[in-house]
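Asker: task: produce atomic coordinates for the following.
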Amino acid sequence: MLRADILGQPRLWRGGVEVDTGPRQQTFLLAVLLARAGQPVSTDELIDLLWDDDVPPSALNIVQKYVGAVRRLLEPTLPARATGSYLHRHGNGYLFDAPPAMLDLSEFRDLVHRAGRTTGGPALDLYGRALELWRGPAGQGLPPAPEFATLDDEFFDACTAAAHLAAALGRPDRLLAPLRLAASMAPLHEPVHAALVRLLTAAGHTADADTAYRLVRDRLAGELGIDPGPALRAAAAEQRADGDLVGRDDELAVLRQAVQSAQAGDTGLVLVEGEPGAGKTRLVEEVTGDAARHGAHVVWGHCLEDTGAPTMWPWMRAADRILDALPPSAHQEWLAGELGPLLGKPDSVPELPGNGSQFRLFEALAGLLGRVAAKQPVLLVVDDLQWADLASLQLFGHLAGRLPAGVALIGTLRDRAPSPDAQLSRLLAAVSRVPGHRRIRLGPLGAADVAELVRRETGRDPGDGVARGIHARTGGNPFFVRELARMHAAGDTITAVPSTVRDVVRDRVARLGDEARDLLQAAALIGRDVDLGLLSRVTGVDAQTLFDRLEPVEQLGLLRPTPGNPFALCFSHDLVRESVATTTSPHRKIQLHLRVADALEAGDTKVESVAERVAHHLWAAGPLADPGRTADALICAGRRAASKSALEAAAQHLRSSAQLARTSGHAELELTALSLLTAVAGMGSGYAGSTTGLLERAEHLARELGREQEAVNFLISRLAAYCQGLQLDRAERLARQFLEQTATSADPMLRAYGLHSWAIYQWAVGDIGTAFEYQSRSDRTLLEDIDGNTEYSLRRDLHLIAAGMHAEISALHGDLDAAGPVLDTLEAAGDDPYAITLWAAFASTIAALAGDPARALRTAERGIAEDPGFSFRFFGAQLRMNRCWALAVTGHDPAAAAAGAEEVLTAHLLDPPLTGLHTWWALIAEMWLAAGRTDSAATALDRAERAVATHGERYAQGLILLVRARLLAAHGAPGGEVRAAAERARAWSAERGSHLFAGRAAELISGL
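Answerer: Residues are numbered from 1 along each chain as shown. I've put the predicted structure just below:
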C-alpha cells in the first residue's frame, strides 16, 4: 500500500516502509505533482519551477528521467516505459492520480469539506482531524513554489474557520496546536494571528495571548510599516487604564517591567521605536522619572543628527553621568584607565585602531556599569539611535549582550524619516537574539486619544469638531498633536495651522524678533543640545543678554532647558531644529559654521576632544575657511574617530581631507591624510575597498616629496588591493615590476618584499611551488620585520598580512609544521583585536583547508570574540565562514551552517568579488555534503569553478577537485569513476606544488 504526504516535508511510504524520494530536484518534482494531484502539470511548468531562468539544454530529458524514477519509486515492478497506476502522461505534461486514502492532501480536503457541511461539535472534530494532518509548510525543505503557497492558504482558511467555531463552542484548546503552527508558518497573516489570539484568550492564556499579539504587531510595524488591522485589534481587546501618558499604557508596562527586573538584581533590555514625534522620548522620560524616584541611577545618552557630532558622543555624555554615581575618590581610577578617551581625560592620547582600544573600552564601560549597579540599580537610556555613529551602535550591541546585573538598557529610534540603515538594522538583528529583550513600536494615536491629549495640553475640552480636525491634520502623531493643540490654545484656528512641523516651526520663528531669531538660527547649527557658553562665543552676546533674548524662544517651545544641566538648552525635537535651519540663508549658514568652529577651538583647551565638530563646521564653512586649516582639522577628526575604532567615520574625514588638500595644493597634508586613510580602510573593508587611483596618487606624491619608505607602503597596499579585488592581471604587472626594481637594491628589506610580493602573485594563480620558492628566499628578513624592528619597515598591518600569507603558502605546500611557528609568531604579535582577528582568519582558513574542524572552530571563535562588533569586515567575514564550515562538518546542523555561510559570503565577499571566492564556495560545498544535500553541494562547486574561470584565482583548485570526487561518491558513482576524479585532484595539486591537497586526495584514494 502506498502513502504520500505533502502537508509538511514530502514523504513516501510503500508497504509501511518509508522510501527515499531521491535527489532534491526529483523530490521537488514529486512534491509539485502531489500538490497538483488530479490536475495536469505541463513539462514547461515543471522546467520553469525546477530551473527558473537557468534552464540547461537537457532540461526536458532530465524531467523525463525524474518522472521515470518517480514511477519506479511508486511501483518498483513496473516495466520500463510503462505508465503505471498513478503518474500518467497528459498532453504535454503529467497528471498524478491519487486515491483519497493515499494522499494526505486528499484526506485533508475531504475532512474540511465534510466539516463545512456539519455543525457543532462534530464539525469541530472534523476540522481538528484535518488540521492535525499538517506537520509544517507544504513542501517543507524544498524551494518555494506557487503550488505549495496555495496549499498553505487552504490550511490558513481552515484554521480561521475552525477557530471561530472552537471559540463559539467553548473548546479553544482543541485547536491551539494547529493554530500555533499556522502562526509560525505565516508571521504576517493577520486573520491567522487574530484567531490564535482569540483562542488563547478564550483558553485563559491571557499572557500568551498578549505576547502573541505584541509579536505580530511589532512584526507588522517592523517589516511592513503598518499597524494591526481591525481583526487583530478586536481579538486583542487590550485593556487600558488612566495614566500620565495618553494611549501608551501597555508600552509603559513593558518598560516598567524592564526597570523592575533591574531593581530586582536582574537585567532589562528594551528598544522603543516609532516615527518622529511618536512620543518615544516622552514615554521613556515617564519611566525614568519613576525609576529615579525609587532610587535608580538614571543616565541618558543622546545621539545627534548633526554629522559634525563626535563619534561615540552619546556614550561620552553617558559615561560622565555613570561616573557621577561613584564617590570622587574613585573617579581618578576610571579616568586613568581605558575610559580616559571617552571621559575626555585631558592627557589621553588618541590612537589608531589596532591597539585593542575598542574592545577594552567596551568592556571598561560594562565594568563601570557593574560597579555602579552593585550599589544601586542603573537605568541607561540611549536616545535617537538612528543618528548614532557605527562605533556607538557597536557599543550598544556589546552592552546588550553583556549587561551587568542591576542594569536596564533602553534604546529609542525612528522607524522612518529616516528608516534604519544597514548599520542600525544589524544592531536590531543582534539585539533581537538577546534572550528576554523587548521591542516596542509606538504607532499613531486614535481619535479618542487625540481628543484626550488636546484636553490635557490645553486644559479644556476641545470639542468633537476640533479634536477630529487635529486628528485628521496630524495623523495621530503626538508631537504634531501637541503643536497644534498649543496653537489652538493660543487662539489660532485649526484650519490656519500648517500641516507639517516645518510649517509650524516657521510660523513660530516668524513671531520672534530679529535678535532672538539670529540666536535661534545659530543654535540650530550647533546641534540639538546647545551649550550656552558656546552660543555666547559664536554670537558675541554675553550670558545675561543671551538669557533675555532666548526667553521668547523658550516660551514658544522651540528651546527648552536641558534636564540636570543649567548651562545648556535643547531643541524640543530634531524636526524643530531642522526646520529652524531651513530658515537660515545659505550665505549666513557658512558664516555661522566658521564662527562655530572658531568658538569651539577658542573655548576648549582640549582641542582634540572637539576635533570632529571643528572639522565639520570648517568643512561646512566652505571657501570662508582656510583650506589648509580645514584639511588639518579633518585629519585630526580622522585620528580622533579612529582612536575610538570608528573606522567608517575616520575614513570619511580622511577622504575629505585628502580631496581638499589636493585641490588647495597642500601636498604634505594630502599625503598624511592618504597614509592614514590607507591604514584605516585596510583594517576595515580590506585594501580592495580603497580606490587604487588614490593609492597611485599617494605613491607618486610620496616620491615627489622624497618619502621613499611611504611610497613603498602605498605600492604594497596597491598590490594588496589588486589581489584582494581579484584584479590579477594588474597584480602580475605590479608584482613583476616591483621584483625587478628591488632585485638589485642594496637594502635587504626591499629585496625581501620584492620576493614576497611575487610569491603572493604566484599563490593567487595557484602555482604554490613557485610561491614557496620565492617566499623561502625572503624568509629571514621578512619574518624579522613582523615586529617592525628593522631600519626599513612597513606598516604593521602589512607586516601582519605578510606573516599570515607566509604561513598559508607553507601550509598549502604541505608543510603544516613550518606554518605553525609563523602562526605562533603572528599570534604573539597580536595584542589588539585587529591583529588577533587577522591571525585567527589565517589560522582558521589554514585549518579548514587542511580538513581540521576542531582547530578551525577554536581559532575562528577566538577571532570573532575579539571583534564582536564586526569592525574588521574583510577578515571578520572569513572567520564567520570558517566557523560555519567547522560546525557543519562536525554535524552541528550542517544545513543551517551552510545557509549561514552563503549569507555571509553574499553579504560581505561577493559584491564586489573579493579574494577567496573559489575557496569559500568549495567549503560551502563540503558543508552541503555534510548535510546530505548533494544538489546544493553541486551548485556550490559549480560556483567555485565559475569563480576560478572568471577571476583566475586558483590557489584552492585542488580542494575543488577533491570535493568534486567526494560529491561523485555521495551520488553513488562507480568506484572507478570516483578514484579517477580523486587521482585528478592529486595529480593537479602535486604538479603545482600544492602538496596539502595532494595528500588529502591520496587519503581519499586509499580509503576507496
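Asker: check which helix or strand covers the residue most central in space within the chain.
Answerer: Geometric centre of the chain, nearest residue: residue 426, 2.5 Å, by CA atoms, centre = their mean. In the assignment (DSSP states H and E), residue 426 maps to helix 422-432.
Asker: kindly list the longest helix within the chain.
Answerer: Using DSSP state H, we find that the single longest helix of the chain is helix 146-169.
Asker: next one: that one to chain centre, how far?
Answerer: A distance of 35 Å separates the C-alpha centroid of helix 146-169 from that of its chain, computed with CA atoms, centre = their mean, to the nearest Å.
Asker: if we can go back for a sec, can I get the helix holding residue 426 in CSV? Just the C-alpha atoms.
Answerer: The C-alpha trace of helix 422-432 is given here as CSV (Å, rounded to 0.1, in the frame of the first residue of the first chain):
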residue,chain,number,x,y,z
ALA,A,422,22.2,48.8,7.3
GLN,A,423,24.3,49.6,10.4
LEU,A,424,21.3,50.1,12.6
SER,A,425,19.5,47.1,11.1
ARG,A,426,22.4,44.9,12.0
LEU,A,427,22.2,46.2,15.6
LEU,A,428,18.5,45.5,15.7
ALA,A,429,19.1,42.0,14.4
ALA,A,430,21.8,41.4,17.1
VAL,A,431,19.6,42.7,19.9
SER,A,432,16.7,40.5,18.8
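Asker: contacts for that helix, please.
Answerer: Contact partners of helix 422-432, identified using CB atoms under 8 Å, 6 or more residues apart in numbering, comprise 269, 271, 385-386, 388, 390, 393-394, 396-397, 400-401, 411, 413, 420, 437, 439, 870. Where you see a C-beta, it was placed from the backbone N, CA and C, and this is true even at glycine.
Asker: now stretch 559-576
Answerer: Residues outside stretch 559-576 that contact it (CB under 8 Å, 6+ apart): 276-277, 300, 305, 384, 387, 479, 501-502, 505, 520, 523-524, 528-533, 550, 553-554, 557-558, 577, 580.
Asker: give me the residue ranges of the stretch 401-550 of the chain where confidence is low.
Answerer: For the stretch 401-550 of the chain, the stretches with pLDDT under 70 are 416-419, 459, 473-474, 486-487, 489-505.
Asker: now do the strands in it.
Answerer: 407-414, 438-442, 529-531 (DSSP state E, counting those that start in this stretch).
Asker: do the stretch 551-700 of the chain as well
Answerer: Counting by DSSP E, counting those that start in this stretch, the stretch 551-700 of the chain has strands at residues 559-562, 565-571.
Asker: out of these, nearest to residue 132?
Answerer: Nearest to residue 132 among the strands of the stretch 551-700 of the chain is strand 565-571 (58.8 Å), distances taken as CB to CB.
Asker: can you tell me the strand partners of that closest one and which way each runs?
Answerer: strand 529-531 (antiparallel), strand 559-562 (antiparallel) (DSSP bridges).
Asker: count of neighbours near residue 292?
Answerer: Residue 292 has 12 neighbouring residues, counting by other CB atoms under 10 Å.
Asker: what's the spacing between it and residue 392?
Answerer: In this view, residue 292 and residue 392 are 24 Å apart by CB to CB, to the nearest Å.
Asker: next, the closest residue to residue 135 other than its chain neighbours: phi, psi?
Answerer: For residue 135, ignoring the flanking residues on the chain, the nearest one in space by CB to CB, 6 or more residues apart in numbering is residue 8 at 3.1 Å. Dihedral angles of residue 8 (phi, psi; degrees, to the nearest 10) stand at phi 140, psi -150.
Asker: contacting residues for residue 8?
Answerer: Applying CB under 8 Å, 6+ apart to residue 8 gives the contacts 134-138, 140.
Asker: please apply the same query to residue 129.
Answerer: residue 111.
Asker: same deal with the one 4 residues further on?
Answerer: By CB under 8 Å, 6+ apart, the contact set of residue 133 is 7, 104, 107-108, 111.
Asker: closest to residue 643 among those residues?
Answerer: Minimum distance to residue 643 across the contacts of residue 133 is 58.7 Å, recorded for residue 7 (CB to CB).
Asker: how close does that closest one sit to residue 138?
Answerer: Per CB to CB, residue 7 is found 6 Å from residue 138.
Asker: list residues touching both of these two?
Answerer: 151, 155.
Asker: how far away is residue 590 from residue 525?
Answerer: 10 Å.
Asker: comparing the two, which residue is more hemmed in?
Answerer: Set residue 590 next to residue 525 and count neighbours by other CB under 10 Å: residue 525 wins out with 22 against 17.
Asker: any idea how far the more buried one lies from residue 594?
Answerer: As judged by CB to CB, residue 525 and residue 594 stand 11 Å apart.
Asker: low pLDDT regions in the stretch 101-250 of the chain?
Answerer: In the stretch 101-250 of the chain (pLDDT under 70), the answer is 204, 206-207, 210, 225-227, 236-244.
Asker: again, 80 this time
Answerer: Within the stretch 101-250 of the chain, the stretches with pLDDT under 80 are 101, 201, 203-211, 214, 217-218, 220-231, 233-245.
Asker: also the stretch 651-800 of the chain?
Answerer: For the stretch 651-800 of the chain, the stretches with pLDDT under 80 are 682-693, 778-797, 799.
Asker: helices of that one, start to end?
Answerer: 667-684, 692-704, 708-724, 728-742, 748-764, 768-784, 796-812 (DSSP state H, counting those that start in this stretch).
Asker: with distance to residue 366 added, can I get those helices in JSON lines?
Answerer: Formatted as JSON lines, the helices of the stretch 651-800 of the chain follow (distance: least, CB to CB, whole Å):
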{"stretch": "helix 667-684", "distance to residue 366": "24"}
{"stretch": "helix 692-704", "distance to residue 366": "38"}
{"stretch": "helix 708-724", "distance to residue 366": "34"}
{"stretch": "helix 728-742", "distance to residue 366": "43"}
{"stretch": "helix 748-764", "distance to residue 366": "40"}
{"stretch": "helix 768-784", "distance to residue 366": "38"}
{"stretch": "helix 796-812", "distance to residue 366": "28"}
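Asker: export those helices to TSV and tack on distance to residue 920 and mean neighbour count?
Answerer: Formatted as TSV, the helices of the stretch 651-800 of the chain follow (distance: least, CB to CB, whole Å; neighbours: other CB atoms under 10 Å):
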stretch	distance to residue 920	mean neighbour count
helix 667-684	20	24
helix 692-704	24	18
helix 708-724	14	23
helix 728-742	17	17
helix 748-764	15	24
helix 768-784	19	20
helix 796-812	15	24
